[in-house]
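A.B. asks: attaching a predicted model along with its sequence, questions to come.
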Amino acid sequence: MATRIFSRVTARLLGLIGFFVANVAWGGAIESTSSAPSAVVQNGIVYEKGELSLKGVKSLLLPAGTDVRPGAEGKLLFYLAKRLNFSGIPPLPMRIQNVRSFMGLASRRQRGELSVGTFGEFSTKEGGADIALLAFVPRSVQWLTREDLCGSESKAQGAESPKKPNEDYWYGPRAAAKGWTLVVTSLDTDRRFKRLQPGPSVAQ
């Protein structure tokens with residue numbers, strides 16, 4: 001019993017130290033949220049940003065639930081929040097500071113249409129992980145949101161890949177589907193996704 005308690009305390013402490021180091025290194029782009037019952041789970045949010053060129057794009061498809069607002073011409077500017085909220089007990093550590101790259105956005109261009117979807121999201125009865133998206137779209141570009149571009153059924157969701165040594169556990173695929181291009185994002189130390197909330201979406 002004492003050994004088990006010591007192991008749990010050690011795991012929790014290591015997780016908190018790792019989170020603190022990431023928070024300092026990432027300039028505040030990560031925040032802790034609800035505490036998980038398991039010592040190997042560190043819930044939280046990572047804030048990121050990115051943009052895509054809209055050259056030649058006439059229509060845009062975005063994940064359902066995207067907060068869409070008018071933006072500058074020629075580009076799609078977006079801010080996102082990668083959120084882990086899991087209350088279960090995974091077989092290995094699962095910490096927000098280590099799983100940032102396991103979920104993200106991917107894009108696909110087809111004849112003037114640009115689709116942007118999520119990958120890596122998962123949902124279980126014990127919680128899961130998701131991506132919240134704020135997008136700034138030029139008024140000249142027609143856009144729609146689609147259910148099949150987010151969640152576990154997202155078209156951008158790749159197949160599950162083998163876990164690498166020393167990699168944290170994950171219940172969903174860690175990469176985008178074939179034919180989809182990873183959207184490069186960077187840490188947003190200003191947490192603009194959070195700072196710009198709440199706000200009305202654009203009426204289509």
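C.D. replies: Ah, there it is.
A.B. asks: can you list the weak-confidence ranges in this protein?
C.D. replies: 1-26, 198-204 (pLDDT under 70).
A.B. asks: any chance you could map the strands in it?
C.D. replies: 30-32, 41-42, 44-53, 59-63, 67-70, 75-86, 94-95, 104-110, 113-119, 122-124, 127-137, 142-146, 181-182, 186-187 (DSSP state E).
A.B. asks: what strands line up against the second one, and which way round?
C.D. replies: Strand 41-42 has its sheet partners listed here by DSSP bridges as strand 94-95 (parallel).
A.B. asks: how about the residue nearest in space to the middle of the chain, nearest residue that isn't a chain neighbour?
C.D. replies: Compute the mean C-alpha point of the chain, and by CA atoms, centre = their mean the closest residue is residue 82, 3.2 Å away. Distances taken as CB to CB, 6 or more residues apart in numbering place residue 46 nearest to residue 82, at 4.5 Å, with adjacent residues excluded. Every C-beta, even on glycine, is put in place using the N, C-alpha and C of the backbone.
A.B. asks: for the one you found, grab the count of nearby residues.
C.D. replies: 25 (other CB atoms under 10 Å).
A.B. asks: for it, what are its contacts?
C.D. replies: Neighbour list for residue 46: 26, 29-30, 81-82, 96-97, 100, 187 [criterion: CB atoms under 8 Å, 6 or more residues apart in numbering].
A.B. asks: got the contact list for the nearest residue to residue 191 once chain neighbours are set aside?
C.D. replies: Distances taken as CB to CB, 6+ apart place residue 47 nearest to residue 191, at 4.5 Å, with adjacent residues excluded. Listed by CB under 8 Å, 6+ apart, the contact partners of residue 47 are 29-31, 79-82, 187-194.
A.B. asks: that older thread, right, so of the strands of the chain, which gets closest to residue 157?
C.D. replies: Nearest of the strands of the chain to residue 157, taken as CB to CB: strand 113-119 at 4.8 Å.
A.B. asks: thinking again about what came up before, can I get the contacts of residue 46 in JSON lines with distance to residue 63?
C.D. replies: Shown next, in JSON lines, are those (distance: CB to CB, whole Å):
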{"residue": "26", "distance to residue 63": "24"}
{"residue": "29", "distance to residue 63": "21"}
{"residue": "30", "distance to residue 63": "22"}
{"residue": "81", "distance to residue 63": "13"}
{"residue": "82", "distance to residue 63": "13"}
{"residue": "96", "distance to residue 63": "20"}
{"residue": "97", "distance to residue 63": "24"}
{"residue": "100", "distance to residue 63": "18"}
{"residue": "187", "distance to residue 63": "21"}
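A.B. asks: among the residues you listed, give me the pair with the biggest separation.
C.D. replies: Most distant of these, by CB to CB, are 81 and 97, 14.6 Å apart.
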